[in-house]
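Visitor: give me coordinates for this.
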Amino acid sequence: MIVSTDNLNKLRVGYSNAYQGGQKNAAKPVSGRVATTVKSTQKEQRYGWIGKLPRIREWIGPRVVQNISESDYSIKEKKFELTVGVDKDDIETDNLGIYSTLFESIGEATMLDPEQLIWDLVKGGFTANCYDGQYFFDTDHPVLDADGVTQLSVANTDGGAGTPWFLLDTTRVIKPFIRQVRKEFGDIVARDKVTDDNVFDLNEFRYGVDARMNFGYGFWQMAWGSKQPLDAAHYETARVEMGSFKSDHGRPLGIKPNLLVVPPALEGAALGILQSQLVNGGESNKWAGTAEVLVVPWLA
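Guide: The predicted model follows:
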């Protein structure tokens, strides 16, 4: 095949279709269940408001302005790219069928690789800081008491050294984690003109995609992380503690855990707690149906 302009255009269309097919057919990401997508307009996005959950009040006298710029938490964007080279000789010998699957896999990777990054963030919450300067899963998050004078320490983890699992409230507008996006993976960019340096010097056509995004932590109050055994007792601890969370000045937050996130190794334990109707030889299971189980292979 002579590498004419028409042939190059057909080549680009074929690769683009394969790429888009890979995106469409990729396993549907589940991170949207736990992460809020925020559109960013700058390289470093500040989340000053994330330190405070605004609450309504009875309007008596002048308005009371709630200061929501208390946190210096920010997420810096990162650039991601994926580039492949195709030998020009293969194109000229019409040996292109082997590459359609490659471009499908590129499309698939643009969907699934960011998924891995979010779940790495979740697992890393035991050692990474959130907006209050504490680890996202920690035992001493600072919260003011009812009088607004004494700083209390509040935990959203009960420690442990085993396989981690997570109980989340994903019913709010702001979910426990943040997916910050400035640019999604878009169309393939081609460098396949015969006058391009890579073609002239290396006899290689190049195709690439790129994105600008990053991931961070939202409200720790929406999440409980544990490395204790996943059993009824520790599940109860998580639910009770989360339901008892209060904002500054002692106002209940009304947290309602609805999603138990586990790796494949804990699927059986999770289903036993939340789906078995009977336990302990015939007793009614009080926790049946109190949350949904989400098994995440990226947590393995």
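
Visitor: so which residues of the stretch 1-150 of the chain form helices?
Guide: Applying DSSP state H, counting those that start in this stretch to the stretch 1-150 of the chain gives helices spanning 5-25, 88-92, 97-123.

Visitor: is it true that Ser74 touches Arg46?
Guide: Yes. Checked against CB atoms under 8 Å, the pair Ser74 and Arg46 is within contact range at 4.5 Å. The way it works is simple: take the backbone N, C-alpha and C, and place the C-beta from them, glycine included.

Visitor: helix/strand/coil for the closest residue to Thr110 other than its chain neighbours?
Guide: Spatially, and ignoring its direct neighbours in sequence, Thr110 is nearest to Phe185 (3.8 Å; CB to CB, 6 or more residues apart in numbering). Classification of Phe185 by DSSP: H, G, I helix; E, B strand; the rest coil places it in coil.

Visitor: in the protein, which residue is most central in space?
Guide: Here the mean C-alpha position of the chain is nearest to the C-alpha of Ile118 (CA atoms, centre = their mean), at a distance of 3.3 Å.

Visitor: coming back round to it: which of the helices of the stretch 1-150 of the chain comes out lowest on mean pLDDT?
Guide: Per-stretch mean pLDDT for the helices of the stretch 1-150 of the chain is lowest at helix 88-92 (a mean of 77).

Visitor: which residues does Thr101 contact?
Guide: Residues counted as contacts of Thr101 (CB atoms under 8 Å, 6 or more residues apart in numbering) are Ala18.

Visitor: how close does it sit to Gly21?
Guide: Thr101 sits at a distance of 10 Å from Gly21 (criterion: CB to CB, to the nearest Å).

Visitor: ditto for Glu81
Guide: Distance from Glu81 to Gly21, counting by CB to CB: 20 Å.

Visitor: comparing those two, which residue is more hemmed in?
Guide: Neighbours were counted for Glu81 and for Gly21 using other CB atoms under 10 Å; Gly21 has more, 15 against 11.

Visitor: wait, isn't the more buried one in contact with Ile106?
Guide: No. Counting by CB under 8 Å, Gly21 sits too far from Ile106 to count as a contact (10.6 Å).

Visitor: now Leu253: phi and psi?
Guide: In terms of degrees, to the nearest 10, the main-chain angles of Leu253 are phi -90, psi -20.

Visitor: any idea how far it lies from Trp224?
Guide: Taken as CB to CB, the spacing of Leu253 relative to Trp224 amounts to 13 Å.

Visitor: which one of those two has more residues nearby?
Guide: Using other CB under 10 Å as the criterion, Leu253 and Trp224 rank with Trp224 on top: 28 against 18.

Visitor: pLDDT wise, what is the residue nearest to Thr110 at?
Guide: The model's pLDDT for Phe185 equals 94.

Visitor: where are the low-confidence patches of this protein?
Guide: When the per-residue scores of the chain are filtered using pLDDT under 70, the ranges that remain are 1-5, 48-49, 51-72, 92-97.

Visitor: ranking the helices of the stretch 1-150 of the chain by burial, who's on top?
Guide: Using mean count of other CB atoms under 10 Å, the stretch among the helices of the stretch 1-150 of the chain with the greatest mean number of neighbours is helix 97-123 (a mean of 18).

Visitor: quick one: that one to helix 5-25, angle?
Guide: 40 degrees (axes from the mean of the first three to the mean of the last three CA atoms, to 10 degrees).

Visitor: what distance separates helix 97-123 from the centre of its chain?
Guide: Here helix 97-123 shows a centroid-to-chain-centroid distance of 14 Å under the convention CA atoms, centre = their mean, to the nearest Å.
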